[in-house]
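Engineer: Sequence isn't available, so here's the structure alone:
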Ligand SMILES: *[C@@H]1O[C@H](CO)[C@@H](O)[C@H](O)[C@H]1NC(C)=O
Ligand SMILES: *[C@@H]1O[C@H](CO)[C@@H](O)[C@H](O)[C@H]1NC(C)=O
């Protein structure tokens, strides 16, 4: 018997080795959702008077170069080359069928002149600026209604010089909502790769009402105490592929959103088909978050092979009464967490409201959440799952989870309420709501 078992063990080890080596040969990727483009037509920012001395304002050069791309409409699009140097500029808009290419040592740097920063309308799914009522400042580099746009290069830098904005936030002198570093609205076939994003005034990358967006080999850096410098926030967008990136910032490293309370419900555009893979992140708030603005719904999210270190909350699904929206079919798999206040949190009481017109009866639905193969060390609290009384979270399926570290003396490792689901091989042992298998809930998960 022992020999027989040993044989089975050796065979299955050989098979899994085979599987591993074939996986090595072909790295799994979702980046093929946007076709690769080669641009024959190339221009340089210096052809348009661009000066990379760190002092000259290059707004006119960027606008002229992009105007040329937009109006000459070269077959296959045009590449705008940014040579090494520091190019100070005001915010500008991209156009379709272009590549913004930053050479190694190229820096596109945002001006700190906040007085002349353009204002634009709030997003309809938010009804107002996210942090201040009314309009919002235009994102530093943005595109609206575009297709086939690439921002790439040899790891040049886009620097938002956000400290003036962070200080206005700290001193409460902000008139409108701060600009994002990169934003694409109503756009498709967008690639952001091989760039370094630094010191965004607000969120770093914000694809909204967009589809087929690829973000890979991106480095995002902002101080841990910089307010609201989220890394990547796919918002009411579909088919978004985020891979092979490093994020260290002052708010959620990744947060999938879809609008805010009554405005997001009325706009009704979900985020779906979001893949997050091979990302390393650190954040005082969440490593990977869904919400809290999720009023259009969030579904079909897969996050796998994720490394999180020094985070507030490792994996965080957050929503609130008044949000409405359905969050479903979310999978977190193969996650390593080193040092977190809370490993896994799913909660129905997080986030503020745009105004007092939100509908208190608009209860969000959270269901079909799969979390497996999570390994965490130095975790203060393993899990916190707080559903909503009249809308309990269902099909919460946890398996192969190990979350250990210094537990607070008073708090139990897991705290749950208004939740239905099951668990398999979870340590420390989860709350009673998840210990016993409820029929049908997670049947095909373990
Ligand atoms: C740019 O950065 C990415 C991600 O960190 C890295 O994989 C790639 O090798 C770098 N490319 C160059 C040209 O340095
Ligand atoms: C759930 O989401 C995954 C992506 O993570 C997708 O492949 C799958 O089709 C979705 N399932 C359903 C039933 O929509």
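Structural biologist: Sure thing, it's come through. Keep in mind that what you see is a predicted model, and the values were worked out from it rather than measured. Ligands and ions are numbered 1, 2, ... in the order given.

Engineer: From here on, just use CA atoms for contacts and neighbour counts.
Structural biologist: Fine.

Engineer: hang on, residue 327 packs against residue 367?
Structural biologist: Yes. Residue 327 lies in contact with residue 367 (C-alpha atoms under 8 Å); the separation is 6.4 Å.

Engineer: When the two are compared, which one has more neighbours?
Structural biologist: Neighbour totals were compared for residue 327 and residue 367, and residue 327 leads with 29 against 22 (other C-alpha atoms under 10 Å).

Engineer: who touches that one in this structure?
Structural biologist: 294, 297-299, 364-367 (C-alpha atoms under 8 Å, 6 or more residues apart in numbering).

Engineer: 6 Å instead?
Structural biologist: Residues near residue 327 by C-alpha atoms under 6 Å, 6 or more residues apart in numbering: 297-299, 366.

Engineer: quick one: which of these is nearest to residue 321?
Structural biologist: For these, the minimum distance to residue 321 (C-alpha to C-alpha) is 11.9 Å, reached by residue 366.

Engineer: Helix, strand, or coil at that closest one?
Structural biologist: Three-state assignment for residue 366 (DSSP: H, G, I helix; E, B strand; the rest coil): strand.

Engineer: cool, residue 157 as well?
Structural biologist: Put simply, residue 157 is strand when judged by three-state DSSP.

Engineer: okay, it: pLDDT?
Structural biologist: Listed pLDDT for residue 157 reads 99.

Engineer: what about it, how many residues close to it?
Structural biologist: 24.

Engineer: on that earlier part again, out of the contacts of residue 327, list just those in strands.
Structural biologist: Counting by DSSP state E, the contacts of residue 327 place 298-299, 366 in strands.

Engineer: Figure out how far stretch 421-434 is from the centre of its chain.
Structural biologist: 28 Å (C-alpha atoms, centre = their mean, to the nearest Å).

Engineer: quick one on the thing from earlier: could you save the ones in strands among the contacts of residue 327 as TSV and add columns showing neighbour count and pLDDT?
Structural biologist: Listed next are those as TSV, based on neighbours: other C-alpha atoms under 10 Å; pLDDT from 0 to 100:
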residue	neighbour count	pLDDT
298	30	99
299	22	98
366	29	98
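
Engineer: do you know how far residue 434 is from residue 428?
Structural biologist: In this view, residue 434 and residue 428 are 12 Å apart by C-alpha to C-alpha, to the nearest Å.

Engineer: Neighbour count for these two, which is higher?
Structural biologist: residue 434 (21 against 15).

Engineer: Nearest residue to residue 201 in space, ignoring adjacent ones along the chain?
Structural biologist: Spatial nearest neighbour of residue 201, chain neighbours left out: residue 162 (3.9 Å); criterion: C-alpha to C-alpha, 6 or more residues apart in numbering.

Engineer: Roughly how far does that neighbour sit from ligand 2?
Structural biologist: Between residue 162 and ligand 2 the computed distance is 34 Å (C-alpha to the nearest ligand atom, to the nearest Å).

Engineer: can you tell me how far residue 423 sits from residue 411?
Structural biologist: 20 Å.

Engineer: quick one, which of those two is more surrounded?
Structural biologist: Neighbour count, other C-alpha under 10 Å: between residue 423 and residue 411, residue 423 has more, with 26 against 10.

Engineer: Surely the more buried one touches residue 400?
Structural biologist: No. Using C-alpha atoms under 6 Å, residue 423 is not in contact with residue 400, being 8.4 Å away.

Engineer: ok so, going back, how about the ones in strands among the contacts of residue 327 in CSV, adding distance to ligand 1?
Structural biologist: As requested, the ones in strands among the contacts of residue 327 are exported to CSV (distance: C-alpha to the nearest ligand atom, whole Å):
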residue, distance to ligand 1
298, 28
299, 28
366, 34
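
Engineer: Residue 392: which of those is nearest?
Structural biologist: Nearest member of the ones in strands among the contacts of residue 327 to residue 392, counting by C-alpha to C-alpha, is residue 366, at 7.6 Å.

Engineer: now the strands: where do they sit in the stretch 251-400 of the chain?
Structural biologist: With DSSP state E, counting those that start in this stretch as the criterion, the stretch 251-400 of the chain has strands at 254-256, 271-290, 298-318, 326-347, 365-386, 393-403.
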